[in-house]
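Participant: Got a predicted structure plus its sequence, pasted below:
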Amino acid sequence: MLRSGDVIIAQIQFTDTFEIKRRPALVLFEEFDNVVVAGITSNLEMEGVPLTKKEGAVKDSVIKLNYIFTISKAMISKVLFHLNKEKKRLVFDELIKRLNELNK
């Protein structure tokens, strides 16, 4: 069973091509084998929530809250680690802040 805050490896389709690659992502929630995730990149110049090697990432990375999508549970290869409580709260606070900005 997947949990909110799990960092996974999954088959991800790029937004600018039809190419699919194995990439890390953060599970936001899962329902009926559909998993809503946020993409993770090692491009530290991108905007998002930092994720460090000390926290469990393979390399310092960024959780991209502007890249949220739904994948099938079948596309997930494995769970790498789970975010600590503080980092998970930071991610969801930032996500809520971004969603609230849409109402302005």
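Facilitator: Perfect, I can see it now. Numbering: from 1, shown residues only.

Participant: May I ask which helix or strand encompasses residue 96?
Facilitator: According to DSSP states H and E, residue 96 maps onto helix 85-101.

Participant: what distance separates that helix from the middle of the whole chain?
Facilitator: Once both centres are worked out by C-alpha atoms, centre = their mean, to the nearest Å, helix 85-101 turns out to sit 12 Å from its chain's centre.

Participant: If you count contacts, what does it end up packed against?
Facilitator: The elements that helix 85-101 packs onto, with contact taken as 3 or more C-beta pairs under 8 Å, 6 or more residues apart in numbering; DSSP states H and E, are strand 49-51, strand 61-72. C-beta: built from backbone N, CA, C; applies to glycine.

Participant: Would you reformat those as a markdown table and include distance to residue 1?
Facilitator: Putting the helices and strands packed on helix 85-101 into a markdown table (distance: least, C-beta to C-beta, whole Å) gives the following:
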| stretch | distance to residue 1 |
| --- | --- |
| strand 49-51 | 22 |
| strand 61-72 | 15 |
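
Participant: Out of those, which is the most enclosed?
Facilitator: Here the criterion is mean neighbour count by mean count of other C-beta atoms under 10 Å, and of those the winner is strand 49-51, at a mean of 19.

Participant: mean confidence score for it?
Facilitator: Taken as a whole, strand 49-51 has an average pLDDT of 97.
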